[in-house]
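Undergrad: sequence first, predicted coordinates after that:
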Amino acid sequence: MQKPPKIPELVLVVIHTPDLDVLIIERADREGFWQSVTGSKDRLDEPVAETAAREVMKETGIEIGGPLVPHCMEVTLAPREHTAHLWLPFREAVDRCFSSSNREAILQLPERFAAHSR
């Protein structure tokens, strides 16, 4: 049975604490390539929040209960996808990420967090 084609709609989830420590994970297929959680929809009508929650659980073992996590939590990686994880202050996380869109998302974190906290 052939696997259905991947749906070209992706999520990028920046997991962070109230202190703006960011979780980044190292890809199993590319040593030294660090990123936030990413993934694609399972079906066209899947809500983005559902995609995000599923991918976060699958890749880190963290159950999403709100916009952030309370502290740097223990992570359970999907071994075929990622080999290591780090909790870093957001600016250090930016420096580690290989993707420009991921770096930009993390750089927006302080402003987005402040707006959400009001």
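TA: Right, received. Where do you want to start?

Undergrad: show me what stretch 58-77 is in contact with.
TA: 15-18, 21, 23, 25, 37, 39, 52-53, 56-57, 78, 81-85, 87, 113, 116 (CB atoms under 8 Å, 6 or more residues apart in numbering). (C-beta placed from N, C-alpha, C; glycine too.)

Undergrad: please report how far the spatially most central residue of the chain lies from residue 27.
TA: Central residue of the chain (CA atoms, centre = their mean): residue 37, 2.4 Å from the mean position. Using CB to CB, to the nearest Å, residue 37 is found at 12 Å from residue 27.

Undergrad: next: residue 104.
TA: 19 Å.

Undergrad: now the residue nearest to the centre of the chain. Nearest residue, chain neighbours left out?
TA: residue 13 (4.3 Å; CB to CB, 6 or more residues apart in numbering).

Undergrad: could you report the neighbour count for residue 57?
TA: Residue 57: 15 surrounding residues under other CB atoms under 10 Å.

Undergrad: any idea which element it lies in?
TA: Per DSSP states H and E, residue 57 falls inside helix 48-60.
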